[in-house]
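**Student:** Need a 3D model of the following:
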Amino acid sequence: MKNPIFQTLLLVAAASLAIACEDHRNDYMEDFQTMAYFRNGGEQEISLYRTGEDGIYSLVVCKSGRNLKGTISLELHAMDQDAITVYNSVNYTDYTAIPSYLFSFWEEDEETQLSGNPVRINFAANESARVIKVKMKTNEIRTLMDMFPDRHYVMGFQLFSAKGKISDKINLLVLTPEIAVPYLTFSNVGVYSYTYDKNSKVENVYSNRVKFGIDENRWDFTCKLEVKDAAWVESYNATHGTDYEVLPTSYYTLPTSIHFERGVTEVPFEVKVNREGMSALRNYVIPIAVKESSKQEFVPYVTADANDCVYMVQVLMTPDQLVLQPTQLSAFYNGQTSSDGTPHTYDLLVDGDENTYWMSPGSARYGGIPGDETWGFWFDIDISSHPLDAFVLGYLPSAIAVRCPTRIVIGVSDDGVNYEMVADIANDDMHSRVGWYDLPLVKLKNKTRFIRMGLLETFINGNIIPLNTPDVDMTCEVAEIRLYGAAN
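**Tutor:** Numbers count the residues shown, from 1 in each chain. Below is the predicted model:
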């Protein structure tokens, strides 16, 4: 039997690499009344997961030709190392065959095992496709790969005809299994910041999803959620230069477990935060992680950077807004005046009118100038009459969601001349911004008398454009600024 196998293999293998993963039913009718082929012929990568159970792949054999009502008898062969060696010589590959004892053939219902190699397939007149399931011993295959990491293991299958015609172009299938751990993680990870004031809703709801990283969920299981403790947050602060503290449990609720039903790969959940009685100007966080699963093979995704696997809701309660007067402001640039004579000066930043706005000088091609190299276009706020050691700056872009600031630095000073930078903020939430945006809380060891807000970048048409370079090419617009600070 081997000689005709190799002879056919040599004829078809060279074409197999170019075969795409799609149904070729109408591509290769040829001149035959009835013929057969692999629907996904050629080389395919497949994903297998360490689930403690066999991995399963569906081999789909199709019938075509001029007479779709015809009958045909086939043999499905698993390629041994001799056959794979011939395939390698034709295709310039270096594959190693996975031993046949590590996989088996089953009927489509996965209940009846098909014995023998080759497996015989008989198409009735009314059948257009047959599905043969391949069950693979995933853990054993992974062990084999770990033992011989330099080998490229594959499973090869070939069709032969006992009665009828086999396509000369797609009668060969070579599977390369990639074996991975089916991780549990969140749809949204990292820090999500929210600011409250006395006018905010008392209860606020934040949604996320737990995802099961597998192509098909064949199990019914539960995973638990946990909130990281103060020691974990202290370690996070040390790594990321933050000053977060865990929000007391009295201020929030969230489910302790998430249930996955068979067939479901994502499950939503909600975090409810009640701000009633929350202390102001404290950097509270709820760091949520997947803890464990009722099926021990399904594990939480963990990386060296917590922001890749922990969903952290950061909430900040602000005190009453401080009233700022134009006389408290000074600026690097007073503001542009429109061609129609409308002023866009910095005193409009505190006039309480959301329809007026400050505008930077614009493109150098039309006489515009760049901002300061370090601070860009800055505004200084004199708070010497009520110095602060904790504050939140907020801003409102102009009514049209373009030319928004997308990078803002914050500085503090005792004399209004020499400033120390204490924050540098740039994130996607600042792009095409509509509505107020509060910058992160700034906490100082000592009270400061002056605050500087510097605009370093602007955003338009999907592009971030610097404001502090000689070839500055765009304006930036801000309608209002606001300041929350601890009472003196």
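**Student:** what stretches of this protein score poorly on pLDDT?
**Tutor:** Within the chain, the ranges that satisfy pLDDT under 70 run 1-34, 65-67, 162-165, 167-169, 487-488.
**Student:** all helices for it, in order.
**Tutor:** 2-16, 81-91, 138-147, 230-240 (DSSP state H).
**Student:** helices or strands up against the second one?
**Tutor:** If you count contacts as 3 or more C-beta pairs under 8 Å, 6 or more residues apart in numbering; DSSP states H and E, helix 81-91 packs onto helix 2-16, strand 95-97, strand 152-163. For the C-beta atoms, the positions are set from N, CA and C on the backbone; glycine is no exception.
**Student:** Would you enumerate the residues in contact with I214?
**Tutor:** With contact set as C-beta atoms under 8 Å, 6 or more residues apart in numbering, I214 has these partners: Y49, T51, P182, T265.
**Student:** For the nearest residue to the first one once chain neighbours are set aside, the count of nearby residues, please.
**Tutor:** Yep, that's Y49 we're talking about. Using C-beta to C-beta, 6 or more residues apart in numbering and skipping residues adjacent in sequence, the residue nearest Y49 is P182, 4.3 Å away. If you count neighbours by other C-beta atoms under 10 Å, P182 ends up with 22.
**Student:** Next: the one 3 residues further on.
**Tutor:** Around T185 there are 21 other residues, counting by other C-beta under 10 Å.
**Student:** what's the distance between the residue lying closest to it once chain neighbours are set aside and K133?
**Tutor:** Spatial nearest neighbour of T185, chain neighbours left out: Y301 (4.0 Å); criterion: C-beta to C-beta, 6+ apart. Going from Y301 to K133 by C-beta to C-beta, to the nearest Å gives 29 Å.
**Student:** of the two, who's got more company?
**Tutor:** K133 (20 against 17).
**Student:** Excluding sequence neighbours, find me the nearest residue to the more buried one.
**Tutor:** Closest residue to K133 apart from its sequence neighbours, by C-beta to C-beta, 6+ apart: W106 at 4.3 Å.
**Student:** is that neighbour in a bridge, and if so with what?
**Tutor:** As for beta bridges, W106 partners with Q113, K133 under DSSP bridges.
**Student:** tell me the strands in the stretch 151-300 of the chain, going along the chain?
**Tutor:** For the stretch 151-300 of the chain, the strands defined by DSSP state E, counting those that start in this stretch occupy 152-163, 165-166, 172-180, 184-186, 190-196, 203-212, 221-227, 245-246, 252-253, 257-260, 266-274, 284-293.
**Student:** Now do the same contact list for S384.
**Tutor:** Shown in contact with S384 (C-beta under 8 Å, 6+ apart): G416, R449, F450.
**Student:** I'd assumed Y419 was in contact with the second one.
**Tutor:** What it means is R449. No - R449 lies out of contact with Y419 (C-beta atoms under 8 Å); the separation is 11.3 Å.
**Student:** Who is the nearest residue to G371 once chain neighbours are set aside paired with across the strands?
**Tutor:** Nearest non-adjacent residue to G371, counting by C-beta to C-beta, 6+ apart: F377, 4.1 Å away. Here F377 sits in beta bridges with L455, as judged by DSSP bridges.
**Student:** what about F377, neighbour count?
**Tutor:** 29.
**Student:** so S279 makes contact with M317?
**Tutor:** Yes - contact status for S279 versus M317: in contact at 6.5 Å, counting by C-beta under 8 Å.
**Student:** Looking at those two, which one has more neighbours?
**Tutor:** A direct count of neighbours by other C-beta under 10 Å for S279 and M317 places M317 higher, at 20 against 10.
**Student:** Help me confirm that the more buried one comes into contact with N199.
**Tutor:** No - the criterion here is C-beta under 8 Å, and M317 misses it with N199 at 11.9 Å.
**Student:** Tell me how far T93 lies from T85.
**Tutor:** Between T93 and T85 the computed distance is 10 Å (C-beta to C-beta).
**Student:** Also E178?
**Tutor:** E178 is 23 Å from T85, where distance means C-beta to C-beta.
**Student:** Also L247?
**Tutor:** Distance from L247 to T85, counting by C-beta to C-beta: 63 Å.
**Student:** more crowded one of those two?
**Tutor:** A side-by-side neighbour count of L247 and T85, using other C-beta under 10 Å, places L247 first with 20 against 15.
**Student:** before we move on, back to that, just give me the residues shared between the contact sets of R449 and Y419.
**Tutor:** Residues touching both R449 and Y419 by C-beta under 8 Å, 6+ apart: S413.
**Student:** Of those two, give the one with the bigger neighbour count.
**Tutor:** Using other C-beta under 10 Å as the criterion, R449 and Y419 rank with Y419 on top: 22 against 17.
**Student:** how close does the spatially closest residue to the more buried one that is not a sequence neighbour get to Y301?
**Tutor:** Spatial nearest neighbour of Y419, excluding adjacent residues (C-beta to C-beta, 6+ apart): G411 at 3.6 Å. The gap separating G411 from Y301 is 38 Å, by C-beta to C-beta.
**Student:** now H344
**Tutor:** Plainly put, H344 is 48 Å away from Y301 if you go by C-beta to C-beta.
**Student:** Equivalent analysis for V422, please.
**Tutor:** Look at V422 and Y301: by C-beta to C-beta, they are 34 Å apart.
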